[in-house]
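>>> my questions are about this predicted structure, shown below with the sequence.
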Amino acid sequence: MTTVSLTVNGQSVTADVDPRTLLVQFLRDNLRLTGTHVGCDTSQCGACVVHLNGHAVKSCTVLAVQADSSVVTTIEGIAEGGELHPMQAAFREHHGLQCGYCTPGMIMSAIDIVNRKGHALDEQTIRAELEGNLCRCTGYHNIVKAVAAGAQGMAQSLLRQAAE
Amino acid sequence: MYAFEYHRPTSVKEAASLAGGAEDAKFLAGGHTLLPTMKLRLAGPANLIDLGQIAELRGIERSGSAVTIGAMMKHAEVATSAEVKEAIPALAEMAELIGDPHVRNRGTIGGSIANNDPSADYPAACLALNATIVTNQRKVAADDFFQGIFTTALEEGEIITRVSFPIPSQAAYAKFRNPASRYALVGVFVAKHADGVRVAVTGAGSNGVFRVPEMEKALSGSFTPDALNGIAVPQDRMNSDIHADAAYRAHLVGVMARRAVQAAAARG
Ligand SMILES: Cc1cc2nc3c(=O)[nH]c(=O)nc-3n(C[C@H](O)[C@H](O)[C@H](O)COP(=O)(O)OP(=O)(O)OC[C@H]3O[C@@H](n4cnc5c(N)ncnc54)[C@H](O)[C@@H]3O)c2cc1C
Ligand code: FES
Ligand code: FES
C-alpha cells in the first residue's frame, strides 16, 4: 500500500491505496465520485477526463499515486452554489448529449480548451481540440455548438463576477 | 495490471540507484505508453520508478546554437514553449501533432524517445535535427541511439536526462496521421543545417525511424520540392499492415517529404 494525499474538488483527501489503483478508480471507488466515467480504459475515448493541476488528463491513464500532492477537479466540482457551470448549462441548452456517457469528459475537456484558447472559439478549433473525446451518439454537431456557447457563457460569467 | 512496488525518487541519482538495486525495475514518465502496456499485461515490472518528482529532469533552455529540453517535459509544454517556437518552430509544431490534448498533457519527450515506437514523432525530429540524447551516463548521437523498433542504445537502468537539438536554418515536419490512433502513418522531418540537409522518416519503415540519404543529397544541392523528383524509397523496407500497404507508405514518404520541404522553405 502507498499513501496518497491530494485535493479533490477543493477538499483534501488522504488514503492508502494499492499502487496499481488508477486515478479514475480512486475517484469512483474510493471517493464515490462516479461522474467521471470509464468508456474504454485504453486511453482513447476521453470519458474519464478530469483536470489535474488545471490541465485536462485521461484519468484512466494516470495512477492515483502519480497524483499525490496534486489538485484534481472532476465534473462534480465545477458547479457553484447549486448553479450549473456555464459549460454544463450550454450542453443542456444546446442538446449537446444524448445518452450522456461522454458528457463529463466532454465538459471537462471543453473547459480546458477555453482555458488554453480563449472564449472566441471557431468550429474548426473546437473539432480539432475535441480529438481525444469520442461520442457514440450525437454526431458531434450539437457538442460543437455547446462548446462555442459555453465558452461565451464563461466569458459572461467572468464579466459578471468582475462587476460584482 | 500485475502488482508492483512504487518508488518516487526526487533526484536522478536516487532513481538510478533504485533501479540498480531493484529486481526488474522500469521507469515511469508520463505513463501514456507504459500504463496501457501494463494494463494489457504486456509489461509487468516488479518495481516502478516514477520520474515525475525529479526537478532536474525538467526545463527548456536555449543556448546560442541549441535548444535543450529536459526528459520530463510534456508534449504540450514543448508545443507551447516560447523558446522552442522561436528557435525551432518545426519542433513545437511536431509536438502539437502528437495524439490529442490529453495525451500531450501527460506524455513526455524522454518517454517517447526511450520507447522508440516505430510510429512515434519525436524519433524523426531527433534524427533530422541531429539531436544529442543526454543520459545520466553519457551523450549519444541520435544516429546511434535509435536501433530499430522499440530498441535504443539505452542500457538497463540508464536514464535520459535531456535532449539537445542544434538549431537548423530551416526545418519542417509533415505528418500523415492514422485517423484512428493519430500516430504517424508516415511522418517526414526535414532540416537544413549549415553542413547539409537531413531527412528522417517515421511510421513507414519496417525497422523503425530511418534517414533517406538520396533525398538528403538532392536537397543539400537544392532545397526545393522539385529536387526530390525521381527519388523513391524502396518498398521492401516499408511497413505493411491493415492501415496502409508498403507501396502506399513508400508513396506517402515522397509526398510528405515534398510537403515538409515546401513548408520549411516557406518559413524562409
Ligand atoms: C491515445 C494516444 C495517442 C498517442 N499518439 C501519439 C502520436 O501521435 N505520436 C507519438 O509520437 N506518440 C503518441 N502517443 C504516445 C505518447 O506520446 C507517449 O506519451 C509516449 O510515447 C511515451 O511517453 P511517456 O512519457 O508517456 O512515457 P512512459 O509511458 O511513462 O514510458 C515509456 C517507456 O520509456 C521509458 N522511459 C520513460 N522516461 C524515461 C527516461 N527519462 N529515461 C529512460 N527511460 C524512460 C519507460 O520506462 C517506458 O519503458 C500516444 C499515446 C496515446 C495514449
Ligand atoms: S476511459 Fe480513459 S480514455 Fe477512455
Ligand atoms: S452522448 Fe452518448 S456517448 Fe456522447
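The structure has been received and is ready for your questions. Ligands and ions are numbered 1, 2, ... in the order given.
>>> quickly list the domain ranges of chain A.
Domain segmentation of chain A under automatic domain parsing yields A:2-77, A:86-163.
>>> possible to save these as CSV with distance to ligand 3 and mean neighbour count?
In this view, the C-beta of every residue, glycine as well, is placed from N, C-alpha and C. Converted to CSV, the domains of chain A look like this (distance: least, CB to the nearest ligand atom, whole Å; neighbours: other CB atoms under 10 Å in any protein chain shown):
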stretch, distance to ligand 3, mean neighbour count
domain A:2-77, 8, 20
domain A:86-163, 3, 18
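>>> mind putting these into JSON lines with distance to ligand 1 and mean pLDDT?
Output for the domains of chain A, formatted as JSON lines (distance: least, CB to the nearest ligand atom, whole Å; pLDDT from 0 to 100):
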{"stretch": "domain A:2-77", "distance to ligand 1": "4", "mean pLDDT": "98"}
{"stretch": "domain A:86-163", "distance to ligand 1": "7", "mean pLDDT": "97"}
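>>> distance to ligand 2 added to the ones you listed, as CSV?
Below are the domains of chain A laid out as CSV (distance: least, CB to the nearest ligand atom, whole Å):
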stretch, distance to ligand 2
domain A:2-77, 3
domain A:86-163, 8
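>>> need those in JSON lines with distance to B:Gly205, can you?
JSON lines is the format used below for the domains of chain A (distance: least, CB to CB, whole Å):
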{"stretch": "domain A:2-77", "distance to B:Gly205": "25"}
{"stretch": "domain A:86-163", "distance to B:Gly205": "26"}
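>>> B:Ile69 is nearest to which of the ones you listed?
Nearest to B:Ile69, of all those, is domain A:2-77, at 18.5 Å by CB to CB.
>>> and that closest one with chain B, contact?
Yes. On the criterion CB under 8 Å from any CB of the partner chain, domain A:2-77 is in touch with chain B at A:2, A:18-20, A:22, A:41-43, A:46, A:49, A:52, A:55-58, A:61-63, A:65-66, A:68.
>>> list the contacts of the closest residue to chain A within the stretch 51-200 of chain B.
The minimum distance from the stretch 51-200 of chain B to chain A, using CB to the nearest CB, falls at B:Asp100 (2.9 Å). Neighbouring residues of B:Asp100 by CB atoms under 8 Å, 6 or more residues apart in numbering or on different chains: A:46, A:131-133, B:182.
>>> now do the contacts for the spatially most central residue of chain A.
Against the mean C-alpha coordinate of chain A, by CA atoms, centre = their mean, the closest residue is A:Met108 at 2.2 Å. Contact analysis of A:Met108 by CB under 8 Å, 6+ apart lists A:49-51, A:56, A:73-75, A:78.
>>> ok, and the closest non-adjacent residue to it?
Nearest non-adjacent residue to A:Met108, counting by CB to CB, 6 or more residues apart in numbering or on different chains: A:Val49, 4.5 Å away.
>>> A:Gln44 touches A:Leu134, doesn't it?
Yes. The criterion here is CB atoms under 8 Å, and A:Gln44 meets it with A:Leu134 at 6.9 Å.
>>> just to revisit the earlier point, which SSE is immediately downstream of the host helix or strand of the residue nearest to the centre of chain A?
Taking DSSP states H and E as the definition, one finds A:Met108 inside helix A:103-117. Scanning forward in sequence from helix A:103-117 by DSSP H and E, the next helix or strand is helix A:123-129.
>>> returning to that earlier point: extract the C-alpha trace of the helix holding A:Met108 and format it as PDB.
Extracted in PDB, the C-alpha atoms of helix A:103-117 (Å, rounded to 0.1, in the frame of the first residue of the first chain):
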ATOM      1  CA  THR A 103     -20.600  14.300 -21.400                       C
ATOM      2  CA  PRO A 104     -18.500  14.700 -18.200                       C
ATOM      3  CA  GLY A 105     -15.300  14.100 -20.200                       C
ATOM      4  CA  MET A 106     -16.600  16.500 -23.000                       C
ATOM      5  CA  ILE A 107     -17.300  19.200 -20.500                       C
ATOM      6  CA  MET A 108     -14.000  18.900 -18.600                       C
ATOM      7  CA  SER A 109     -12.200  18.900 -22.000                       C
ATOM      8  CA  ALA A 110     -14.200  21.900 -23.200                       C
ATOM      9  CA  ILE A 111     -13.400  24.000 -20.100                       C
ATOM     10  CA  ASP A 112      -9.700  23.100 -20.700                       C
ATOM     11  CA  ILE A 113     -10.000  24.300 -24.300                       C
ATOM     12  CA  VAL A 114     -11.400  27.600 -23.200                       C
ATOM     13  CA  ASN A 115      -8.600  27.900 -20.600                       C
ATOM     14  CA  ARG A 116      -6.000  27.500 -23.300                       C
ATOM     15  CA  LYS A 117      -7.600  29.000 -26.400                       C
END
